[in-house]
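Fold the stuff below for me.
(2 chains)
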Protein chains: 2
Amino acid sequence: MRSARADAPHPTRSDARDNRARILEAARTVFGEEGLSAPMREVARHAGVGPATLYRHFPAKQDLILETFAEQRRACEAVVRDALADADPWHGFQSLVEEMCELHALSRGFADAFMAAHPEAADFAADRERALAAVGELARRARETGQLRPGFVVDDLILMLMAHRGVQDAPRAARLAASRRFAAYMIDGFRAAPAAAGPAALPPAPRLWSDCTPGLLPAAERPARAV
Amino acid sequence: MRSARADAPHPTRSDARDNRARILEAARTVFGEEGLSAPMREVARHAGVGPATLYRHFPAKQDLILETFAEQRRACEAVVRDALADADPWHGFQSLVEEMCELHALSRGFADAFMAAHPEAADFAADRERALAAVGELARRARETGQLRPGFVVDDLILMLMAHRGVQDAPRAARLAASRRFAAYMIDGFRAAPAAAGPAALPPAPRLWSDCTPGLLPAAERPARAV
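Model prediction:
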């Protein structure tokens, strides 16, 4: 660490607090958009601080990641807790899947951290294990009520979250709608059998292909004629 | 282009043929494993030829990509043709989804090209449009027989293929199994309603999480107790 020069004004505590808040806000934006592979210098640039200031507040990327996603980690805990407390295990399972997808869709960085896609995100292992344990417990209960299909294993939820990361390649404006529609399809895939009336209505389909051949029935033609 | 020096032996035509074949084999491996973002120099290194030799055979990456995946493009055409010729439109739709996923799972490079994920893969637009037109046609017919769920749009197939690219982050040994299991779940999501006996058995679940908490019911515990 370098000592402050005598002629330079010492930063006040509130300057330091402002910088820290600016860095965290920049990290949420940069990691949220680009995922955890975004470099530290991009976070510094986005925050309008020098690399030295960034590293003074967060000596390692790991520290920055952990604090950047503190809110998402708390949200994830709440999702797990509420799902486990649901009196209807299938409804709890469904909510957990939907809300987990939404958390991942809103931040690529959190999805990367949760899925351990970067070595700096080791601290998220405990969150992940708790969430997966909840999935296992809810799945066990939803099997007993006959609402979850036989053969489901916890690895299938991981398979789904891996696939969900692929969905994040959708254009930014379509990302959340794509995530919701994807989650609805997967939940129907996990279901033992739809209601007698057939499967429920799907969330709206985002338009994912701009250069659709005429006659290809793009999303914009819904709901008049789906296929 | 440099002229050959008088004292250097001219490469024979069969040397050139060997080099071309080696380059294509290397490109299938390198692009297949890493996708189209793999650099040309890595293909040259893998083929054991110099960059000059690579660029003599394939002046642009686009040329190399097109020839590398000639076989996959023919396979894709055959999949589309067979699916359209299927007397049972839902069966044809299902086969098309499964076989398209398999083609993508066997080569990340082909998946990138098909999904237009790289600017050098513009030549695949026609293949893609043909495949999507076939999906639209089969979907239309499968809706008439009541086997495809209402609300399906062709964009949903694109959504699925985007998600499928996320599945390719699975460890190499698990990739094909993960792809098949994912396709089975999505097809059940696309289905209007399962048979009276409930959904069909799923393909085997690959183990995707190595550090499963005890009690989390990893894939290895199947089929004794799924959840």
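
Could you see whether chain B lies near the helix or strand harbouring residue A:143?
Using DSSP states H and E, residue A:143 maps to helix A:125-144. Yes - Helix A:125-144 reaches chain B (C-beta under 8 Å from any C-beta of the partner chain) through A:125, A:129, A:132-133, A:136, A:139-140, A:142-143. Every C-beta, even on glycine, is put in place using the N, C-alpha and C of the backbone.

Export those residues as a markdown table, with columns for distance to residue B:107, neighbour count and pLDDT.
Formatted as a markdown table, the residues of helix A:125-144 next to chain B follow (distance: C-beta to C-beta, whole Å; neighbours: other C-beta atoms under 10 Å in any protein chain shown; pLDDT from 0 to 100):
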| residue | distance to residue B:107 | neighbour count | pLDDT |
| --- | --- | --- | --- |
| A:125 | 32 | 14 | 84 |
| A:129 | 34 | 15 | 85 |
| A:132 | 31 | 22 | 89 |
| A:133 | 36 | 18 | 89 |
| A:136 | 34 | 20 | 91 |
| A:139 | 33 | 24 | 93 |
| A:140 | 38 | 17 | 93 |
| A:142 | 37 | 24 | 94 |
| A:143 | 37 | 21 | 92 |
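
Need the per-residue pLDDT for the residue in chain A positioned nearest to chain B.
Proximity of chain A to chain B (C-beta to the nearest C-beta) peaks at residue A:166, 2.6 Å away. On the pLDDT scale, residue A:166 is placed at 94.

Spit out the contact partners of it.
Counting by C-beta atoms under 8 Å, 6 or more residues apart in numbering or on different chains, residue A:166 touches B:162-168.

ok, residue A:26 touching residue A:47?
Yes - judged on C-beta atoms under 8 Å, residue A:26 makes contact with residue A:47 at a distance of 3.7 Å.

picking that back up, tell me the one of the contacts of residue A:166 nearest residue A:187?
Among the contacts of residue A:166, residue B:163 lies closest to residue A:187 (C-beta to C-beta), at 13.8 Å.

What is the least confident helix or strand in chain A?
Sorted by mean pLDDT, DSSP states H and E, the helices and strands of chain A end with helix A:125-144, the least confident at a mean of 90.

Just the terminal-to-terminal distance for stretch A:100-114.
End-to-end distance for stretch A:100-114: 10 Å, by C-alpha to C-alpha, to the nearest Å.

Does that stretch reach chain B?
No - Stretch A:100-114 does not reach chain B (C-beta under 8 Å from any C-beta); its nearest approach is 9.9 Å.

Buried residues in that stretch, which are they?
Across stretch A:100-114, burial judged by 16 or more other C-beta atoms under 10 Å in any protein chain shown covers A:100-101, A:103-105, A:107-114.

what do you get for stretch A:28-42?
A:28-32, A:35-36, A:38, A:40.

host element of the residue nearest the centre of chain A?
In chain A, the residue lying closest to the centroid (C-alpha atoms, centre = their mean) is residue A:104, at 1.1 Å. Using DSSP H and E, residue A:104 maps to helix A:89-106.

How far away from the center of its chain is whatever helix or strand comes next after that helix?
Going down the chain from helix A:89-106, the next helix or strand is helix A:108-114, by DSSP H and E. Mean C-alpha position of helix A:108-114 versus that of the full chain (C-alpha atoms, centre = their mean, to the nearest Å) differs by 6 Å.

Quick one: mean pLDDT over helix A:108-114.
Mean predicted confidence for helix A:108-114 is 93.

burial count for the residue lying closest to residue A:66 once chain neighbours are set aside?
Of all residues not flanking residue A:66 in the chain, residue A:123 sits nearest, at 5.2 Å (C-beta to C-beta, 6 or more residues apart in numbering or on different chains). Counted with other C-beta atoms under 10 Å in any protein chain shown, residues neighbouring residue A:123 total 14.

In contact with residue A:123, which residues?
Residue A:123 neighbours (C-beta under 8 Å, 6+ apart): A:62, A:65-66.

any idea which of those is closest to residue B:58?
Closest to residue B:58, out of all of these and judged by C-beta to C-beta, is residue A:65, at 40.9 Å.

quick revisit: which helices and strands sit right next to the helix holding residue A:104?
helix A:70-85, helix A:108-114, helix A:125-144, helix A:154-167, helix A:175-190 (3 or more C-beta pairs under 8 Å, 6 or more residues apart in numbering or on different chains; DSSP states H and E).

how distant is that helix from the center of its chain?
On C-alpha atoms, centre = their mean, the centre of helix A:89-106 falls 10 Å from the chain's centre.

and it with helix A:175-190, angle?
Using axes from the mean of the first three to the mean of the last three C-alpha atoms, to 10 degrees, the direction of helix A:89-106 lies 150 degrees away from that of helix A:175-190.

and the angle from helix A:89-106 to helix A:70-85?
In terms of direction (the same axes, to 10 degrees), helix A:89-106 departs from helix A:70-85 by 170 degrees.

so helix A:89-106 versus helix A:154-167, what angle?
Going by the same axes, to 10 degrees, helix A:89-106 makes 30 degrees with helix A:154-167.

Helix A:89-106 vs helix A:125-144, what angle?
150 degrees.

Just the closest of the buried residues of stretch A:100-114 to residue B:199, please.
residue A:101 (21.4 Å).

Residue A:19 reaches residue A:53, doesn't it?
Yes - contact status for residue A:19 versus residue A:53: in contact at 5.7 Å, counting by C-beta under 8 Å.

rewinding a little: restricted to buried residues, select the contacts of residue A:123 in ChimeraX.
Filtering the contacts of residue A:123 down to the buried ones (16+ other C-beta under 10 Å) takes a single ChimeraX command:
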select /A:65,66
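
Out of the contacts of residue A:123, which is nearest to residue B:81?
residue A:65 (48.8 Å).

State the number of residues packed around residue A:127.
Residue A:127: 19 neighbours (other C-beta under 10 Å).

Show me what the helix ranked longest in chain A is packed up against.
Criterion DSSP state H: the longest helix present in chain A is helix A:13-34. Judged by 3+ C-beta pairs under 8 Å, 6+ apart, the packing partners of helix A:13-34 are helix A:40-47, helix A:51-57, helix A:61-68, helix A:108-114.

For the third one, output the C-alpha coordinates as PDB.
When you say that, I think you mean helix A:61-68. The C-alpha coordinates for helix A:61-68 follow below in PDB (Å, rounded to 0.1, in the frame of the first residue of the first chain):
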ATOM      1  CA  LYS A  61     -12.600  -9.700  -7.600                       C
ATOM      2  CA  GLN A  62     -14.100 -12.300  -5.300                       C
ATOM      3  CA  ASP A  63     -14.800  -9.700  -2.600                       C
ATOM      4  CA  LEU A  64     -16.500  -7.400  -5.100                       C
ATOM      5  CA  ILE A  65     -18.700 -10.200  -6.500                       C
ATOM      6  CA  LEU A  66     -19.800 -11.300  -3.100                       C
ATOM      7  CA  GLU A  67     -20.900  -7.800  -2.100                       C
ATOM      8  CA  THR A  68     -22.300  -6.900  -5.500                       C
END
